[in-house]
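Participant: Need coordinates for the below:
(chains A and B)
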Amino acid sequence: METTSEPPLDAKSDVTNQLVDFQWKLGMAVSSDTCRSLKYPYVAVMLKVADHSGQVKTKCFEMTIPQFQNFYRQFKEIAAVIETV
Amino acid sequence: MLLALSEEHKEHLSFLPQVDSAVVAEFGRIAVEFLRRGANPKIYEGAARKLNVSSDTVQHGVEGLTYLLTESSKLMISELDFQDSVFVLGFSEELNKLLLQLYLDNRKEIRTILSELAPSLPSYHNLEWRLDVQLASRSLRQQIKPAVTIKLHLNQNGDHNTKVLQTDPATLLHLVQQLEQALEEMKTNHCRRVVRNIK
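Facilitator: Numbers count the residues shown, from 1 in each chain, chains lettered A, B, ... in the order given. Sure thing, here's the model as predicted:
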């Protein structure tokens, strides 16, 4: 998942979108308008996806630590399956 | 200010003197209902059958009346101007008086309805905020970077949508200063004079 200036096209790119960039950050929410004293860690992910015409769209989302651990586990499973193929 | 009625409009309205005043009053009521709730073609057919004319004639008559009322209300023309504008149609004294009364009775409500047709920008509904501290990112570990995340709830024509924004505390302070400055403007002599004149 390298950042390239032009998304590498392959046979599937007419149908699905290409992942162009995957940025993440780890933050901790310390205060909000509903709760003045928080200690809430989260992972924020910013995905850049290019469709078949080359237009890049950005999608941001946040995950709690348990959600992120589940997310991570999915990728570990994918990697494990790839090993066996 | 006089209304300039097109030839087509005058033709549509020429149906009105052919029926008696009770019918014109009923058409007036239908016209205002049309503005409140939208057209109902079934009413035209029923009236056409009763009056023994085509439903197109009835529809044109009512629409002509509606347009007369909306244009007069839009421009807020005076009684005298309304009477003069209608005079060119060559209607009877009685019909002219009826139309004038119809205009004066419904003017305020029609203006309220017309004011709702102006385009509306999204308006503020609610603001939620959160103070975050960024501890690490893909490119840099061991950070302490404060940020404010804001969820702005907006209303537009009845639908809600939200925008999520993020900024650092310095920019937020600047934003707050700019907004306070905008509010301060209300207290200047110029603004006070304008507001007094509108009231």
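Participant: what's the burial count for residue 53?
Facilitator: Went with chain A since none was named. The local packing of A:Ser53 (other Cβ atoms under 10 Å in any protein chain shown) involves 6 other residues. For glycine as for every other residue, the C-beta is placed from the backbone atoms N, C-alpha and C.
Participant: my bad, chain B
Facilitator: 15.
Participant: mind listing what it touches?
Facilitator: For B:Val53, the contact set (Cβ atoms under 8 Å, 6 or more residues apart in numbering or on different chains) comprises B:Phe15.
Participant: Over to the one 4 residues further on?
Facilitator: Contact analysis of B:Thr57 by Cβ under 8 Å, 6+ apart lists B:15, B:48.
Participant: got the residue ranges for the helices in chain B?
Facilitator: Ranges of helices within chain B are B:7-13, B:21-37, B:41-51, B:55-75, B:79-87, B:93-115, B:169-185, B:189-198, based on DSSP state H.
Participant: Kindly compare burial across these and name the winner.
Facilitator: Comparing those by mean neighbour count (mean count of other Cβ atoms under 10 Å in any protein chain shown), helix B:55-75 comes out on top with a mean of 19.
Participant: Figure out how far that one is from the centre of its chain.
Facilitator: 18 Å (Cα atoms, centre = their mean, to the nearest Å).
Participant: Stretch B:187-197 too?
Facilitator: That offset, for stretch B:187-197, works out to 26 Å (Cα atoms, centre = their mean).
Participant: Let me see the mean pLDDT of that stretch.
Facilitator: Average pLDDT, stretch B:187-197: 89.
Participant: Please list the residues outside it that contact it.
Facilitator: If you take Cβ under 8 Å, 6+ apart as the criterion, stretch B:187-197 is touched by B:185-186.
Participant: now with 10 Å?
Facilitator: B:184-186 (Cβ atoms under 10 Å, 6 or more residues apart in numbering or on different chains).
Participant: so how far is B:His60 from the spatially closest residue to B:Gln59 that is not a sequence neighbour?
Facilitator: Distance criterion Cβ to Cβ, 6 or more residues apart in numbering or on different chains; nearest residue to B:Gln59, sequence neighbours excluded, is B:Tyr44 at 4.7 Å. According to Cβ to Cβ, to the nearest Å, B:Tyr44 and B:His60 sit 10 Å apart.
Participant: And for B:Ser21?
Facilitator: From B:Ser21 to B:His60 the distance is 19 Å (Cβ to Cβ).
Participant: same deal with A:Met63?
Facilitator: 63 Å.
Participant: Break chain B into its domains for me.
Facilitator: B:5-115, B:121-196 (the TED database).
Participant: From the chain's centroid, how far away is the shortest one?
Facilitator: So the one you mean is domain B:121-196. The answer for domain B:121-196 is 30 Å, by Cα atoms, centre = their mean.
Participant: Same question for the longest one.
Facilitator: Mean C-alpha position of domain B:5-115 versus that of the full chain (Cα atoms, centre = their mean) differs by 20 Å.
Participant: Let me see the confidence value for A:Met63.
Facilitator: A:Met63 is assigned 95 on the pLDDT scale.
Participant: element containing it?
Facilitator: Secondary structure assignment for A:Met63, by DSSP states H and E: strand A:56-64.
Participant: Skipping adjacent residues, who's closest to B:Val133 in space?
Facilitator: Excluding the flanking residues, the one nearest B:Val133 by Cβ to Cβ, 6+ apart is A:Met28, at 4.9 Å.
Participant: Checking my notes, the one you found in a strand, right?
Facilitator: Yes - counting by DSSP: H, G, I helix; E, B strand; the rest coil, A:Met28 is part of a strand.
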